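Visitor: no sequence on this one, just coordinates:
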């Protein structure tokens, strides 16, 4: 789209732009005509787009010599014309798929899988006789009180999956490893985990033990003389707010004389397994009522999961399986989609500029999903990963939902995993 837009702007008046970054438009509007970037929507080459959607036209290869200098009068051979023709036909057939499956029914074009997932949630609400407006009003009450608090929570409280190597094995060539993966880690958490279902309120820090097993907790803590218990360093230096006397392990914290961090009750449980300390001063503690995610999130996710499982292992329908899997993963993507406070636009001279978002913070909170649900999704998944890491032997590397272990500990680790699956550990 960035190339096409540079051409179109000479001939058409661009009335609206939506861009992920400067010179990276997702779509543009020229009056009543919208131009969509198919690659931004699908993240697929033309070749894979044609294969995945089983279009009638396939991408040709080797039809053009890209080193040849051309202009509008350059003669094209039959093979070169066919190459260009197929490129256009693939996009035509794909646009027909979008039109007949989405635009004609929903009166809009979905730019990402997360938008399709949000549509499924809305359809579930409507079919059940619910009010999208009232649900959004309730969810807005779960948002941080201000834009500043929102940014602080995502800067310091939100963490992704744990991805790191054993510091005593780093830099070595290892042989005879085996891997263990969680099945559908984030989906399991969304279906079975608990999440903040009320506004957070401040309570005395000394009451943490009273609330840690019954409420969702946001803790702003100071750790004094933090020391490691294991060979694994779990906290990211980027999440440390204040510190002194830090020892780092490739961006992770080994030890600290003093360290301030913002964590959930789930993170604190992992801290207890991987660190020890002289003092933990809870400077600020906020708690919210726990609950399961609403049915408009759970039920569509179950339907997508059942569809994926029916296709799993069917080699003839591998493309449909991958599409279902991507849609399922988009549920997690919805949970951690961030509010954008700066828009990318074109100025009067046609130059890319960053401008303040047109919506204010309160209007941005008009949503079906609380940002805290995304924070607790990763916190639960990370807790499961680290819980197992603290019990397995010979773990060389961990990545979000998996552990790579030295095979000599196979029997021991298999027993741990079997007991874990049975809920015995």
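Guide: Alright, I've got the coordinates. This one's a predicted model, so the numbers in the text were calculated from it and none came from an experiment. Numbering: from 1, shown residues only.
Visitor: how about residue 404, phi and psi?
Guide: Dihedral pair for residue 404: phi -110, psi 120, per degrees, to the nearest 10.
Visitor: Tell me the bridge partners for the spatially closest residue to it that is not a sequence neighbour.
Guide: Distances taken as C-beta to C-beta, 6 or more residues apart in numbering place residue 397 nearest to residue 404, at 4.4 Å, with adjacent residues excluded. No exception for glycine: its C-beta is placed from N, CA and C like everyone else's. For residue 397, the beta-bridge partners under DSSP bridges are residue 165, residue 404.
Visitor: can you give me the helices in the stretch 101-250 of the chain?
Guide: 104-106, 113-127, 132-140, 147-152, 185-192, 208-211 (DSSP state H, counting those that start in this stretch).
Visitor: Return the most buried member of those.
Guide: Mean neighbours per residue, mean count of other C-beta atoms under 10 Å, is largest over those for helix 185-192, with a mean of 19.
Visitor: And it, what does it pack against?
Guide: Contact analysis of helix 185-192 by 3 or more C-beta pairs under 8 Å, 6 or more residues apart in numbering; DSSP states H and E lists helix 295-311, helix 318-335, helix 371-389 as its packing neighbours.
Visitor: Now do the contacts for the residue nearest the centre of the chain.
Guide: Nearest to the mean C-alpha position of the chain, by C-alpha atoms, centre = their mean, lies residue 333 at 3.8 Å. By C-beta atoms under 8 Å, 6 or more residues apart in numbering, the residues touching residue 333 are 112-114, 117.
Visitor: tell me which of these is nearest to residue 145?
Guide: Taking C-beta to C-beta as the measure, residue 145 lies nearest residue 114 of the contacts of residue 333, at 25.7 Å.
Visitor: ok, back up a step: show me the contacts for the residue nearest to residue 404.
Guide: 164-166, 169, 403-404.
Visitor: can you check residue 76 too?
Guide: If you count contacts by C-beta under 8 Å, 6+ apart, then residue 76 has residue 84 around it.
Visitor: For it, which phi and psi angles does the backbone take?
Guide: In terms of degrees, to the nearest 10, the main-chain angles of residue 76 are phi -110, psi 140.
Visitor: so what pLDDT did it get?
Guide: Residue 76 is assigned 89 on the pLDDT scale.
Visitor: Reformat the contacts of residue 397 as CSV; add neighbour count and pLDDT.
Guide: Shown next, in CSV, are the contacts of residue 397 (neighbours: other C-beta atoms under 10 Å; pLDDT from 0 to 100):
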residue, neighbour count, pLDDT
164, 18, 97
165, 22, 97
166, 22, 97
169, 15, 95
403, 22, 97
404, 19, 97
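Visitor: farthest pair in those?
Guide: Farthest pair in those (C-beta to C-beta) is 169 and 403. Separation: 12.5 Å.
Visitor: And for stretch 262-269, what's in contact with it?
Guide: 152-153, 156-157, 159, 208, 211-212, 215-221, 239, 241, 271, 375-376, 379-380, 382-383.
Visitor: By mean pLDDT, point me to the weakest helix or strand of this protein.
Guide: helix 104-106 (a mean of 74; mean pLDDT, DSSP states H and E).
Visitor: Report the buried residues of the longest helix anywhere in the chain.
Guide: Of all the segments of type helix in the chain, defined by DSSP state H, the longest one is helix 78-98. The neighbour-count check on helix 78-98 (16 or more other C-beta atoms under 10 Å) flags 80, 83, 86-87, 89-91, 93-94, 98 as buried.
Visitor: Out of those residues, which one has the weakest pLDDT?
Guide: Lowest pLDDT among the buried residues of helix 78-98: residue 98, 82.
Visitor: Hmm, that one is touching residue 109, no?
Guide: Yes. With contact defined as C-beta atoms under 8 Å, residue 98 counts as touching residue 109 (5.8 Å).
Visitor: Distance from stretch 179-193 to the middle of the chain?
Guide: 14 Å (C-alpha atoms, centre = their mean, to the nearest Å).
Visitor: Give the rounded mean pLDDT of it.
Guide: 95.
Visitor: what does that stretch rub up against?
Guide: 293, 297-298, 301-302, 305, 328-329, 331-332, 335, 376-378, 380-381, 384-385, 388, 392, 400-405, 413, 417.
Visitor: next one: stretch 118-135
Guide: 106, 110, 294-297, 299-300, 303-304, 334, 368.
Visitor: how long is that stretch from one end to the other?
Guide: 13 Å (C-alpha to C-alpha, to the nearest Å).
Visitor: counting contacts, what elements does the longest helix of the chain pack onto?
Guide: helix 38-42, helix 46-52.
Visitor: Residue 25: which of those is closest?
Guide: Nearest of these to residue 25, taken as C-beta to C-beta: helix 38-42 at 8.2 Å.
Visitor: So which elements touch that closest one?
Guide: Counting by 3+ C-beta pairs under 8 Å, 6+ apart, helix 38-42 packs on strand 24-30, helix 46-52, helix 78-98.
Visitor: closest one to residue 278 among the ones you listed?
Guide: Set against residue 278 and scored by C-beta to C-beta, the helices and strands packed on helix 38-42 come closest in strand 24-30, at 49.1 Å.
Visitor: I'd like the next helix or strand past that closest one.
Guide: strand 33-36 (DSSP states H and E).
Visitor: Give the buried residues for that following strand.
Guide: For strand 33-36, by 16+ other C-beta under 10 Å, it's 35-36.
Visitor: Please identify which pair of the contacts of residue 333 lies farthest apart.
Guide: 112 and 117 (8.9 Å).
Visitor: pLDDT weak spots in this protein?
Guide: The model of the chain has pLDDT under 70 over residues 63, 106-107.
Visitor: do that again at 80, thanks
Guide: Low-confidence segments of the chain (pLDDT under 80): 40-43, 62-63, 101-102, 105-112, 315-320, 322-323, 348-350.
Visitor: Spatially, which residue comes closest to residue 248, not counting chain neighbours?
Guide: Ranked by C-beta to C-beta, 6+ apart and with sequence neighbours excluded, the top spatial neighbour of residue 248 is residue 237, at 5.7 Å.
Visitor: Quick one: residues contacting that neighbour.
Guide: 246, 248, 251-253.
Visitor: Please report which of those has the highest neighbour count.
Guide: residue 253 (24 neighbours; other C-beta atoms under 10 Å).
Visitor: Does that one belong to a helix, a strand or coil?
Guide: strand (DSSP: H, G, I helix; E, B strand; the rest coil).
Visitor: for it, what are its contacts?
Guide: Counting by C-beta under 8 Å, 6+ apart, residue 253 has contacts 226, 233-237, 240, 246-247, 259.
Visitor: switch the cut-off to 6 Å
Guide: 233, 235 (C-beta atoms under 6 Å, 6 or more residues apart in numbering).
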